[in-house]
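pasting a predicted model and its sequence here:
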Amino acid sequence: MTRGMKGCYIFCTDNETNAWFKQAMGRAELEYLEAPSTAQQATQEIKASNDSLYEGLTLRLLKKNEVKPYINAVPIYDLAIAAGMFSETQLINEISQLESSNNIEQYQWVELPDSFRIRPGQFVARVVGESMNKRISNGAWCLFSLNPVGTRQGKTVLVQHRDIEDPDTGGHYTLKIYESEKLPSEDGGWQHSRITLKPNSTDLSYKPIVLHPESANEIKVIAEFVAVLS
């Protein structure tokens, strides 16, 4: 700029700075403050296209010709619909089929973020309810892994049992933190003395589900919670 002149020109190579000066002179609004980034725009577009089928899902649903099962995508599964359609045995069988399914037409497939290593038996499902809201918000889309191996102690798992009546899922299955107590058995092994399925919620009306020895062995651990995705 040249001092003493009545007017001067300012050239800004930075778009945001240029927009700020225009606003300061009353020539334009601060649109750059509201304009989403390219990544945000992509997320918004994906969310808008998904909302008609999967409310709140921000992951990309793949077209059939893009899907390579368990290589670039995992199936998405609606547990709430399944609970209304199937008996408990059928529900377990239906979900278990996900582990070996390469049938592209049978499910809708979703692309995971790059930070996740895809494994056979993984699937995406929506968690409904407030019983785990300290870690999983109501309506969150989460990644699960079928048939977890090793100890289940302290893990968040999707379980089924005839004595469970979960108001959030509408069926005999629930998502809770698994804790078990064991005692030695007469044959030298061990047996459950008690299994507790604990909520993790700010809502204190949710109480632990306690299963005693006579029914503890009938519990079926369907899948392990891996992560919240969206």
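That came in fine, so what should we check first? Numbering: from 1, shown residues only.

rest of the way, CA atoms for contacts and neighbours
Will do.

which stretches of the protein form strands?
Using DSSP state E, the strands of the chain run over 74-76, 108-110, 122-126, 141-146, 156-160, 173-184, 190-198, 209-211, 220-228.

least confident of those strands, on average?
Looking at the strands of the chain, the lowest mean pLDDT belongs to strand 190-198 (a mean of 79).

domain boundaries for this protein, per the record?
Per automatic domain parsing, the domain ranges recorded for the chain read 17-50, 51-228.

worst mean pLDDT among the ones you listed?
Of all those, the minimum mean pLDDT falls on domain 17-50 (a mean of 57).

name the nearest residue to Lys207, ignoring sequence neighbours.
Pro199 (6.7 Å; C-alpha to C-alpha, 6 or more residues apart in numbering).

right, and the one you found touches Gly129 too?
No: if you go by C-alpha atoms under 8 Å, Pro199 and Gly129 don't touch, sitting 10.9 Å apart.

ok, those two, which is more surrounded?
Pro199 (24 against 18; other C-alpha atoms under 10 Å).

which ones are touching the closest residue in space to Ile195 that isn't next to it in sequence?
Closest residue to Ile195 apart from its sequence neighbours, by C-alpha to C-alpha, 6+ apart: Ser180 at 4.3 Å. Neighbouring residues of Ser180 by C-alpha atoms under 8 Å, 6 or more residues apart in numbering: 153, 192-196.

change it to 10 Å
Applying C-alpha atoms under 10 Å, 6 or more residues apart in numbering to Ser180 gives the contacts 152-154, 192-197, 210-211, 216.

gap between it and Val159?
Here the criterion is C-alpha to C-alpha, to the nearest Å. By it, Ser180 lies 13 Å from Val159.

related to what we said a few turns ago, looking at the strands of the chain, spot the one closest to Thr17.
Nearest to Thr17 among the strands of the chain is strand 220-228 (37.3 Å), distances taken as C-alpha to C-alpha.

that closest one versus strand 141-146: what angle between them?
Counting by axes from the mean of the first three to the mean of the last three C-alpha atoms, to 10 degrees, strand 220-228 lies at 140 degrees to strand 141-146.

give the other helices and strands that strand 220-228 contacts.
helix 88-96, strand 122-126, strand 141-146, strand 156-160, strand 173-184 (3 or more C-alpha pairs under 10 Å, 6 or more residues apart in numbering; DSSP states H and E).

go ahead and confirm Ile136 touches Ile177.
No: assessed by C-alpha atoms under 10 Å, Ile136 is found out of contact with Ile177, at 12.0 Å.

overlap in contacts of those two?
Both Ile136 and Ile177 are contacted by Asn200, under the criterion C-alpha under 10 Å, 6+ apart.

send me stretch 161-173 as PDB with only the CA atoms.
Output of stretch 161-173 as PDB, limited to C-alpha atoms (Å, rounded to 0.1, in the frame of the first residue of the first chain):
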ATOM      1  CA  HIS A 161     -31.000 -65.300  26.900                       C
ATOM      2  CA  ARG A 162     -34.600 -66.400  27.400                       C
ATOM      3  CA  ASP A 163     -34.700 -64.600  30.700                       C
ATOM      4  CA  ILE A 164     -33.700 -61.200  29.300                       C
ATOM      5  CA  GLU A 165     -36.500 -58.800  28.400                       C
ATOM      6  CA  ASP A 166     -34.700 -55.700  27.200                       C
ATOM      7  CA  PRO A 167     -37.000 -52.700  26.700                       C
ATOM      8  CA  ASP A 168     -34.500 -51.000  24.400                       C
ATOM      9  CA  THR A 169     -34.200 -53.900  21.900                       C
ATOM     10  CA  GLY A 170     -37.600 -55.300  22.300                       C
ATOM     11  CA  GLY A 171     -36.400 -58.800  22.600                       C
ATOM     12  CA  HIS A 172     -34.400 -61.400  24.600                       C
ATOM     13  CA  TYR A 173     -31.100 -59.900  23.700                       C
END
